[in-house]
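**Q** sequence and computational prediction follow.
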Protein chains: 2
Amino acid sequence: MSVTLADVARATGLSASTVSRALSDPDKVNAKTRERIRKAAREMGYVPNPAARTLTSGSNDVIGLIVPDIANPFFPPIIKAVQARATVKGKTVLIADVDEHPADEIQRAQVMRKRVDGLIVVSPRTPEERLQELMALEPVVFVNRQVPTAASVIIDNADGMREAVEHLAALGHPKICYLNGPRRSWSNSQRQRAVQQACADQGVELVEFGPFEPQIQAGVRAADLVSASKITAVIAYDDMIALGLMARLNERGIRIGPDISVIGIDDSPMSGMAYPTLTSIHVPGSEAGAAAVDMVLELAAGSEAATTRHVQLETRLIVRGSTSPAPARAE
Amino acid sequence: MSVTLADVARATGLSASTVSRALSDPDKVNAKTRERIRKAAREMGYVPNPAARTLTSGSNDVIGLIVPDIANPFFPPIIKAVQARATVKGKTVLIADVDEHPADEIQRAQVMRKRVDGLIVVSPRTPEERLQELMALEPVVFVNRQVPTAASVIIDNADGMREAVEHLAALGHPKICYLNGPRRSWSNSQRQRAVQQACADQGVELVEFGPFEPQIQAGVRAADLVSASKITAVIAYDDMIALGLMARLNERGIRIGPDISVIGIDDSPMSGMAYPTLTSIHVPGSEAGAAAVDMVLELAAGSEAATTRHVQLETRLIVRGSTSPAPARAE
DNA sequence: CTACAATTTGCAATCGGTTGTTGCAATAGC
DNA sequence: GCTATTGCAACAACCGATTGCAAATTGTAG
């Protein structure tokens, strides 16, 4: 059906092995024949069959990417970065969306494994005790979750959180509320710890609600909890929750900014578009994606050094319209 | 490294061919041996090598999906639907995001072709004259673009558009504005035609701006054009543009609803979360995705009947907070 | 008990490449 | 001028599964 190596060999009067070498290991073939072969291959429209190549070489030139939810705007930038970086390296990307479902995460990973040279798992929801099953599928790189015995790209929320709390404290908010993300989420435990620390350091009172799923609806629910408790400043686990919160508060006539300040996390493209625009902690998703690709390829190439490497990226606060000075005390 | 067919054969004392048959063509093998083989395979953790299978059978069990921009919330539901449907059918999905870049569309499709059994191209931006190159990669199913000589799942915007114009007319808007999407977009030409038709039918005056890229920033730009021209009702090419428009109008103190009504298209998850919530034309992306999977698999299976089939889906208006009665005439 | 049919299993070729090894020829060295 | 060396290309085995065909086994009828 399509042009094979053998066809090119026949056309040039050479053997398949020579053609193969001319294309993939150029030094082993005479310069003149090499060019002749390449020209013929190009003209005939020869494209190597990846399946056949995989069979012998053992490598797929594909990397697998598992994300909890493509619809959450935090992930598309990561996905794009992974694709871009992978393309540069001559790899393609197999994406799986597991709809925030921990069990699917492992299963999809296992199914994928045979088709890819390595796996990148973003914000894994897999519980600690089953993490082994994921790691067994090596090479695996975790993004947004620290696993001491595995390679990972992690995002240190401490700086961003500290900036956020300082920002609110500076605006005169004596008490702030943190809306927790999913119970199992490593990110959430990290963010929670960071906000607790920062509040303690700044002498700001902290209350917490949640856990909430990283979805708009959860934010909507959170809104009524928040408004019932006379809080003037909220930091949400992520932008989704923050946006849902704002939507509901808007609806109830509570003014974001003047009445209540809101800070999201992720700095997703949506944050600039909300009303008012959302102050958010920027999380370098693109950088994380690109770094993860590099790591997983290193691992796939057999680098021992990378097996437990941890790349750490930093966060910072982006101030927009959703944070304002604390309203004057009502009484 | 991993368990192969030969390993299972050795363990059971049978030949590889028998093992192969026991697993894939059960009737050709004695019931007793079949069970013995299956048990052994399961215990040994045998998983067939997809590359080897592809080589002989010619089928990859993978379908390719090309979308213009994952970050546009219109696409994730489609992607999810495609993945879900594909999984049910025992296929995996290879996704490519082409960043709205027509040239990439063809290139990525070509690269993918050898790894997949069929291609689904959503909202193709490829110009008419190069469409051949895409169709050559058959089987290909187009979503959201009608191509007479190829299979496609198209979404008829006429109904939704008519409802939108009727809705605005009923609210007393004498003149509405349509913000065009990308020049090359088939969707846009269809929507444009539909809105022109609907306005003519309803006796509503129509002005048009654009083209605009389906991005928030474009909507922001559009806002100033719109506000400069005393328009009280806008229908945007998609929700992204509508949301950008609203963000900017909000910022400028123009009240969405009372001062100006806005209708988006796509009914993306964001529309319920904007402020105010965005009236939008619902486009059945999930249904389209699932239908496309079924079509492409039929084509891959060699069905002649499906080669130029066109599935047509309908749209309808979802009214939310961004549309209100026309403001009383200023003078 | 033989003969023949039906069922079950094994052999071997094949898919399209990759790669270690060998054969041959041209060049260098003495 | 003859052998040692190097360079180039061909041969053949192999990756892991599938599949047509032949062989072997079992069953059945005469």
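**A** Perfect, thanks for sending it.

**Q** and chain A, which residues reach DNA strand C?
**A** A:1-6, A:16-17, A:20-21, A:23-25, A:46-49, A:52-53, A:55-57 (C-beta under 7 Å from any atom of the strand). All C-beta spots, glycine's among them, are computed from the backbone N, C-alpha and C.

**Q** now, of those, which are buried?
**A** Buried members of the residues of chain A next to DNA strand C, scored by 16 or more other C-beta atoms under 10 Å in any protein chain shown, are A:3, A:4, A:5, A:20, A:21, A:23, A:46, A:49, A:52, A:53.

**Q** as JSON lines, the residues you listed with pLDDT, distance to DNA strand D and secondary structure would be great.
**A** Conversion of these to JSON lines gives the following (pLDDT from 0 to 100; distance: C-beta to the nearest atom of the strand, whole Å; DSSP: H, G, I helix; E, B strand; the rest coil):
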{"residue": "A:3", "pLDDT": "86", "distance to DNA strand D": "18", "secondary structure": "coil"}
{"residue": "A:4", "pLDDT": "89", "distance to DNA strand D": "13", "secondary structure": "coil"}
{"residue": "A:5", "pLDDT": "88", "distance to DNA strand D": "10", "secondary structure": "helix"}
{"residue": "A:20", "pLDDT": "87", "distance to DNA strand D": "8", "secondary structure": "helix"}
{"residue": "A:21", "pLDDT": "86", "distance to DNA strand D": "7", "secondary structure": "helix"}
{"residue": "A:23", "pLDDT": "84", "distance to DNA strand D": "12", "secondary structure": "helix"}
{"residue": "A:46", "pLDDT": "88", "distance to DNA strand D": "16", "secondary structure": "coil"}
{"residue": "A:49", "pLDDT": "89", "distance to DNA strand D": "11", "secondary structure": "coil"}
{"residue": "A:52", "pLDDT": "90", "distance to DNA strand D": "7", "secondary structure": "helix"}
{"residue": "A:53", "pLDDT": "90", "distance to DNA strand D": "9", "secondary structure": "helix"}
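
**Q** which of these sit farthest apart?
**A** Greatest spacing in these, by C-beta to C-beta: A:3 and A:21 (17.7 Å).

**Q** out of the residues of chain A next to DNA strand C, who's near chain B?
**A** Among the residues of chain A next to DNA strand C, the residues within reach of chain B (C-beta under 8 Å from any C-beta of the partner chain) are A:2, A:47, A:49, A:52, A:55.

**Q** in TSV: those residues, plus distance to residue B:265.
**A** Output for those, formatted as TSV (distance: C-beta to C-beta, whole Å):
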residue	distance to residue B:265
A:2	40
A:47	39
A:49	42
A:52	45
A:55	47
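
**Q** for residue A:273, state which of those residues is nearest.
**A** For these, the nearest to residue A:273 is residue A:47 (42.1 Å; C-beta to C-beta).

**Q** for chain A, which segments are assigned as helices?
**A** Under the criterion DSSP state H, chain A contains helices at A:5-12, A:16-24, A:31-44, A:50-57, A:75-88, A:102-113, A:131-135, A:158-170, A:186-202, A:216-227, A:239-251, A:285-300.

**Q** next one: residue A:173 from DNA strand D, what distance?
**A** Distance from residue A:173 to DNA strand D, counting by C-beta to the nearest atom of the strand, to the nearest Å: 61 Å.

**Q** ok, now how distant is residue A:141 from DNA strand C?
**A** Distance, residue A:141 to DNA strand C, using C-beta to the nearest atom of the strand: 24 Å.

**Q** just list whatever residues bridge to that residue.
**A** Taking DSSP bridges, one finds residue A:120, residue A:151 as the beta-bridge partners of residue A:141.

**Q** residue A:178 too?
**A** Bridge pairing for residue A:178 (DSSP bridges) gives the partners residue A:208, residue A:235.

**Q** my read: it touches residue A:194, true?
**A** No. Using C-beta atoms under 8 Å, residue A:178 is not in contact with residue A:194, being 9.6 Å away.

**Q** between the two, which one's more packed in?
**A** residue A:178 (27 against 23; other C-beta atoms under 10 Å in any protein chain shown).

**Q** which residues touch residue A:279?
**A** Contacts for residue A:279 (C-beta atoms under 8 Å, 6 or more residues apart in numbering or on different chains) come out as A:164, A:167, A:261-264, A:271, A:317-323.

**Q** which of these fall in strands?
**A** A:261, A:262, A:263, A:264, A:317, A:318 (DSSP state E).

**Q** make JSON lines out of these and add distance to residue B:313.
**A** Formatted as JSON lines, the ones in strands among the contacts of residue A:279 follow (distance: C-beta to C-beta, whole Å):
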{"residue": "A:261", "distance to residue B:313": "43"}
{"residue": "A:262", "distance to residue B:313": "38"}
{"residue": "A:263", "distance to residue B:313": "40"}
{"residue": "A:264", "distance to residue B:313": "34"}
{"residue": "A:317", "distance to residue B:313": "44"}
{"residue": "A:318", "distance to residue B:313": "39"}
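
**Q** what is the nearest of these to residue A:290?
**A** So of those, ranked by how close each gets to residue A:290 (C-beta to C-beta), first place is residue A:318, at 20.5 Å.

**Q** that closest one: what's it in contact with?
**A** Counting by C-beta under 8 Å, 6+ apart, residue A:318 has contacts A:267, A:271, A:279, A:280, A:281, A:282.

**Q** could you redo the last one with a cut-off of 10 Å?
**A** A:160, A:163, A:263-264, A:267, A:271-272, A:277-282 (C-beta atoms under 10 Å, 6 or more residues apart in numbering or on different chains).

**Q** buried subset of the residues you listed, written for PyMOL?
**A** In PyMOL, a selection of the buried entries from the contacts of residue A:318 looks like this (16+ other C-beta under 10 Å):
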select buried, chain A and resi 160+163+263+264+267+271+272+277+278+279+280+281+282
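
**Q** quick check: which of the contacts of residue A:318 has the minimum pLDDT.
**A** The lowest pLDDT within the contacts of residue A:318 belongs to residue A:272, which sits at 80.

**Q** for DNA strand D, what are the nearby residues on the stretch 1-150 of chain A?
**A** Residues of the stretch 1-150 of chain A lying near DNA strand D (C-beta under 7 Å from any atom of the strand): A:13-18, A:28-34, A:52, A:55-56.

**Q** how about those residues, which pair is most distant?
**A** Applying C-beta to C-beta across these, the maximum distance is between A:32 and A:55, 30.9 Å.

**Q** would you point out the most distant pair within the contacts of residue A:318?
**A** A:163 and A:272 (18.2 Å).

**Q** find residues that contact each of residue A:178 and residue A:194.
**A** A:161, A:164, A:165, A:235.

**Q** tell me which residues touch the last one, please.
**A** Residues touching residue A:235, when contacts are defined by C-beta under 10 Å, 6+ apart, comprise A:161, A:164-165, A:167-168, A:176-179, A:191, A:194-195, A:198-199, A:206, A:208, A:241-242, A:261-265, A:279-281.
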